[in-house]
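**Q** structure here, sequence nowhere to be found:
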């Protein structure tokens, strides 16, 4: 079964599927990297040759490191955005 998309939910809620624009919600890089690491670990479990399994596990570890780095960047970008938003609101309120 296909998971619900934002478009499907909007169509059901509005009752007008032709009037709905496709909304795109980007998947964070950290989540994509974690998913890729899981895929590599799953592939490693099915391999019989130890050197191949080790290479897959190394790739999975590399993707986990990339996910951690991406998560740190996402948090930093979010904090920067929040600071900018707070300063804008403070300037507007004054």
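**A** Yep, that arrived. Please read all numbers here as calculations on a predicted model, not as lab measurements.

**Q** okay, now residue 64: neighbour count?
**A** 17 (other C-beta atoms under 10 Å). Where C-beta positions appear, they are placed from N, C-alpha and C, glycine not excepted.

**Q** check which helix or strand it maps to.
**A** Using DSSP states H and E, the element containing residue 64 is helix 50-93.

**Q** what about that helix, distance to the chain center?
**A** 10 Å (C-alpha atoms, centre = their mean, to the nearest Å).

**Q** nearest residue to the spatially most central residue of the chain in space, please, no chain neighbours.
**A** Centroid-nearest residue in the chain: residue 28, 2.7 Å away (criterion: C-alpha atoms, centre = their mean). Spatial nearest neighbour of residue 28, excluding adjacent residues (C-beta to C-beta, 6 or more residues apart in numbering): residue 74 at 5.7 Å.

**Q** now do the same for that neighbour: its pLDDT.
**A** Looking at residue 74, its pLDDT stands at 90.

**Q** that one contacts residue 30, doesn't it?
**A** Yes: with contact defined as C-beta atoms under 8 Å, residue 74 counts as touching residue 30 (5.9 Å).

**Q** just to revisit the earlier point, number of nearby residues for the residue nearest to residue 28?
**A** Using other C-beta under 10 Å: residue 74 sits among 14 other residues.

**Q** equivalent analysis for residue 63, please.
**A** 20.

**Q** distance-wise, check it relative to residue 46.
**A** Relative to residue 46, residue 63 is positioned 17 Å away (C-beta to C-beta, to the nearest Å).

**Q** doesn't residue 37 make contact with residue 60?
**A** Yes: Residue 60 is in contact with residue 37 according to C-beta under 8 Å; the separation is 4.5 Å.
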